[in-house]
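Asker: Have a look; sequence and predicted model below, questions after that.
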Amino acid sequence: MPLYEYRCADCGAEFEELAGADETPACPSCHSTHTRRLMSACSHQGCCAPRGNYSPSSLGGGGGCAGCSGGHCATCH
């Protein structure tokens, strides 16, 4: 099951929940079922490609960038 972010319409609490696409979890703070799924920002574990500008050459075969030996470098995000 995917991890989704939710906001409670009654108390305003934000929380994460493993839930199916059709499920509406209860708020862990006030137990209300008036919760709404939020749009989440995507995360990419690539290297040297700030702000989502990814290209095959920037991701390299070893997970590093051209200036790295396959690990993380100072310019990786």
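Answerer: Yes, it's here.
Asker: Okay, residue 9 and residue 37: tell me how far apart.
Answerer: Relative to residue 37, residue 9 is positioned 12 Å away (Cβ to Cβ, to the nearest Å). No exception for glycine: its C-beta is placed from N, CA and C like everyone else's.
Asker: Among those two, which residue is more densely surrounded?
Answerer: Neighbours were counted for residue 9 and for residue 37 using other Cβ atoms under 10 Å; residue 37 has more, 15 against 12.
Asker: The more buried one pairs with what?
Answerer: Beta bridges link residue 37 to residue 6 when assigned by DSSP bridges.
Asker: Next one, pLDDT for it please.
Answerer: Looking at residue 37, its pLDDT is 93.
Asker: Go ahead and confirm it touches residue 5.
Answerer: Yes. Between residue 37 and residue 5 there is a contact under Cβ atoms under 8 Å: 7.1 Å.
Asker: related to what we said a few turns ago, got any residues that touch both of residue 9 and residue 37?
Answerer: When Cβ atoms under 8 Å, 6 or more residues apart in numbering defines a contact, no residue borders residue 9 and residue 37 alike.
Asker: State the number of residues packed around residue 8.
Answerer: Residue 8 has 21 nearby residues by other Cβ under 10 Å.
Asker: what's the answer for residue 12, then?
Answerer: Neighbours of residue 12 under the rule other Cβ under 10 Å: 10.
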